[in-house]
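> Output the structure for:
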Amino acid sequence: MATEPRTFVDTDILIDIARKQVRAIDFWRRAEARSTMTCSAVSVFELLAGCRNLREQRMTLRGFSSIDIIHVETGDSILALDWYRSYHLSRGIGFLDCLVAAAARRMDCQVHTFNTKHFRVIPGLKTKRPY
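Take a look at the predicted model:
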């Protein structure tokens, strides 16, 4: 059984979409036409953390109605902890990036992000700058 194509986006892309940046919206529309838009639950947490009030929170959550949100599983947490321990001090990767990377790798997805510096240390993870 073939799996449907996914476009896995990191938080920075979602922020650009929320800010209505033209290049981000163009990327999103092209990707959405040919794949399922996907992100980690960690990205949802990150965006909600930036909300200043209930109205912003509702607007943010409404934006996720068409996105497949990948939740963190036990194996993701274990792998993310290992990567964090291995790469945090030497390469500066954060624990949230490790969790996002673990979910993306489990799904065998390329991560569309501008944070390629941190993500490139993750073994077997594919990344791409979207625009």
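> what helix or strand does the closest residue to residue 70 other than its chain neighbours sit in?
Nearest residue to residue 70, sequence neighbours excluded (Cβ to Cβ, 6 or more residues apart in numbering): residue 103, at 4.7 Å. Backbone N, C-alpha and C define where each C-beta goes, glycine included. If you go by DSSP states H and E, residue 103 is part of helix 95-106.
> Show me which positions of that helix end up buried.
96, 97, 98, 99, 100, 101, 102, 103, 104, 105 (16 or more other Cβ atoms under 10 Å).
> Likewise for stretch 26-43?
27, 28, 31, 36, 37, 38, 39, 40, 42, 43.
> CA atoms of it as CSV?
Coordinates of each C-alpha in stretch 26-43 appear next as CSV, following Å, rounded to 0.1, in the frame of the first residue of the first chain:
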residue,chain,number,x,y,z
ASP,A,26,2.9,30.5,-2.4
PHE,A,27,5.0,27.5,-1.1
TRP,A,28,2.1,26.3,1.0
ARG,A,29,-0.4,26.4,-1.9
ARG,A,30,1.9,24.5,-4.2
ALA,A,31,2.7,21.9,-1.6
GLU,A,32,-0.9,21.5,-0.5
ALA,A,33,-2.0,20.8,-4.1
ARG,A,34,0.2,17.7,-4.2
SER,A,35,0.6,16.5,-0.6
THR,A,36,-0.8,16.4,2.9
MET,A,37,0.5,19.3,4.9
THR,A,38,2.1,17.9,8.1
CYS,A,39,3.7,19.3,11.2
SER,A,40,4.7,18.1,14.7
ALA,A,41,2.5,18.7,17.7
VAL,A,42,5.6,20.5,19.1
SER,A,43,5.1,23.2,16.4
